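In: Pasting the sequence and the predicted model now:
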Amino acid sequence: MADTGSTRREELKAVPVRHPGRWVGAAGVLVLVAMLVHSVFFSMTTRGGKRQKRFELHVIAKYLFAHPILHGVVLTIELTVAAMAIGIFLGIALAVLRLSPNPLLSGASWVYIWFFRGTPVLVQLLFWYEISYIFPRLTLGIPFGPAFVHYNANTLITPVFAAIIGLGLNEGAYMAEIVRAGIISVDEGQTEASHALGMSRMQTMRLVVLPQAMRVIVPPTGNETISMLKTSSLASTITVGETLFAAQAIYSRTYQTIPLLMVASLWYLLMTSVLTTGQYYVERYFARGATRDLPPTPLQRLRARVAGASV
Amino acid sequence: MSAMGDVMVRAEGVRKSYGHFDALRGIDLEVATGEVMCLIGPSGSGKSTFLRCINHLEKIDAGRLEVDGDLVGYRLHNGRLYELRDREVCAKRAEIGMVFQRFNLFPHMSALDNVALGPSKVKRVARGEAVERARALLARVGLGDKLAAYPNQLSGGQQQRVAIARALAMQPKLMLFDEPTSALDPELVGEVLDVMRGLAEDGMTMVVVTHEIGFAREVGDKLVFMDAGTVVESGVPRDVIANPRSERTKAFLAKVL
């Protein structure tokens, strides 16, 4: 080793571990992507004696922005927002009741969750849709006494209304468990400290416990919202004209089932993607005080990557 | 304001058990207004439990516990103690400040908001006024430059000083300290004890559960040694520490001094 002495320290370079496997893997993925692109955009098939593009992309393009579909997308969003609003509000109320020292309140909450989690949401939707069978007339009045107003259940509970109630009440049971998990994740010392300041149970919950529970509540709530966006397609069974129903209405006339299901899927994918991004920022907001530095936004991370690569 | 010499805390035969375990077996104690009482004793002796009974964080099973002449958490009627409603307990607790071993600051709020929360939400002080007062209190505990810091950006000693400021913001008649320096790195203990010493000099009535015998000797007006849920010995700190009468006190002091 005669030249060791003549080598200056600065010339010694550290070489990171090489990953030849990644290059092989990337090549494999590239082939798969090429096959997929070919299959979707170029390959042909024979249907009913006619040579056709395998994926009828022109049909997808034709209906992607068709008026009934766009109308369905808007209704899907409305259903999701309304049902989640009901679900979150109910969930918080049920979770607080569930943790109440009053056995009547915690018992009522337990029964609610037991019932709505224990029956299929599709059955619940059909039930609300058919409610007029059991209660043709809804009456506001004194129990077993005089009535003030009557409503016809069929006119009051429209399919959209039934869908919102059905999805919302069901979601409330799931949200209750999520909120409860969040509440019990907050250190007991926090409750003690706020009680020691003289805050009431409700103030403690609202000002101290729930804001901290949000860090645990938000990720599964985002998950629930994404899930609700897709579950709302069950409303198609009770004639609500949301995204899936709109697609079904078209393909029942044209028999272009697969392209229209793809139209619906593309819209669901777009909506869930937007929600996923939104969830990231909401989580970041509620991480205040839990982490010393907020995690970077995707944009900041991209900038850091680019800056790191150019150095 | 009650004058020096009035009784701020009076305990008579206070009992408390968890299932079969008797945490407090009849505690009789008095703390005069303006007095600093230090509670010492081995872990499990019931000193923290007693402290938590004073502001009704723990319910007592029997006995009388009065703060500034009122029963805490109960109303006496026809020879029975009836537990008070949440709202009434809250009003009483607002007069009693408490500082915890593990600080228990609200991590989602800045130091300033931690201190301003109690006055603005419990006492309904105008937000601007509560913030002004919080600012002054944080300056008093030496944290005038940390108003916007969140608890996890502060050292343990700084967090405990914020916690003291938070309790003081309610303008309490009485301050309870539950081992306020036990969770701190040794070099941070002094800054917290200094703040507490300042409070004592200003005439605040204090009950302090502590392992800091030096602090108890120097700042305390009264030292109480507890063991197995009873008061074993109490008196002027210097005397108790120099000439403990009970064997148990002797044995405990020999270990901690």
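Out: Structure received. Residues are numbered from 1 along each chain as shown, chains lettered A, B, ... in the order given.
In: quick one: contacts for residue B:26?
Out: Applying C-beta atoms under 8 Å, 6 or more residues apart in numbering or on different chains, one finds that residue B:26 lies in contact with B:13, B:14, B:15, B:63, B:230. Where C-beta positions appear, they are placed from N, C-alpha and C, glycine not excepted.
In: Check whether the top helix by length along chain A comes near chain B.
Out: In chain A, taking DSSP state H as the definition, the longest helix is helix A:67-98. No - applying C-beta under 8 Å from any C-beta of the partner chain, one finds that helix A:67-98 is not in contact with chain B, the shortest distance being 14.1 Å.
In: on that earlier part again, buried ones only from the contacts of residue B:26, please, as a PyMOL command.
Out: To isolate the buried ones among the contacts of residue B:26 in PyMOL, judged by 16 or more other C-beta atoms under 10 Å in any protein chain shown, type:
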select buried, chain B and resi 14+15+63+230
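In: residue ranges with poor pLDDT in the chain?
Out: All of this refers to chain A. In the predicted model, chain A carries pLDDT under 70 at residues A:1-9, A:288-295, A:308-311.
In: actually it's chain B I care about, not the one you picked
Out: Flagging of chain B using pLDDT under 70 yields the residue ranges B:1-5.
In: what ranges do the helices span in chain A?
Out: In chain order, chain A shows helices spanning A:20-37, A:57-64, A:67-98, A:103-118, A:121-129, A:131-134, A:153-156, A:159-185, A:188-196, A:201-203, A:210-231, A:243-254, A:257-286, A:298-310, with DSSP H as the criterion.
In: quick one on the thing from earlier: how far off helix A:103-118 does the longest helix of chain A point, in degrees?
Out: What separates the directions of helix A:67-98 and helix A:103-118 is an angle of 150 degrees, with axes from the mean of the first three to the mean of the last three C-alpha atoms, to 10 degrees.
In: So which elements touch helix A:67-98?
Out: Contacts defined by 3 or more C-beta pairs under 8 Å, 6 or more residues apart in numbering or on different chains; DSSP states H and E place helix A:67-98 against helix A:103-118, helix A:159-185, helix A:210-231, helix A:243-254, helix A:257-286.
In: Any chance of the contacts of residue B:26 in a markdown table with secondary structure as columns?
Out: Conversion of these to a markdown table gives the following (DSSP: H, G, I helix; E, B strand; the rest coil):
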| residue | secondary structure |
| --- | --- |
| B:13 | strand |
| B:14 | strand |
| B:15 | strand |
| B:63 | strand |
| B:230 | strand |
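In: what two of the contacts of residue B:26 are the furthest from one another?
Out: Using C-beta to C-beta, these reach their maximum pairwise distance at B:63 and B:230, which is 12.7 Å.
In: Please enumerate the shared neighbours of the two.
Out: Residues touching both residue B:63 and residue B:230 (C-beta under 8 Å, 6+ apart) are B:26, B:27.
In: Now do the longest helix of chain A: distance to the chain's middle.
Out: Mean C-alpha position of helix A:67-98 versus that of the full chain (C-alpha atoms, centre = their mean, to the nearest Å) differs by 10 Å.
In: so who does the residue in the stretch 51-200 of chain A positioned nearest to chain B touch?
Out: When you check the stretch 51-200 of chain A against chain B by C-beta to the nearest C-beta, the closest residue turns out to be residue A:198, at 2.9 Å. The contact partners of residue A:198, by C-beta under 8 Å, 6+ apart, come to B:90, B:91, B:92, B:93, B:94, B:95, B:118, B:122, B:170.
In: what about burial for those residues, which qualify?
Out: By the neighbour-count criterion of 16+ other C-beta under 10 Å, the contacts of residue A:198 include these buried positions: B:90, B:92, B:93, B:94, B:95, B:118, B:122, B:170.
In: which stretches of chain B form strands?
Out: For chain B, the strands defined by DSSP state E occupy B:7-18, B:21-32, B:36-40, B:62-67, B:70-71, B:74-77, B:80-83, B:96-99, B:174-178, B:205-209, B:222-227, B:230-235.
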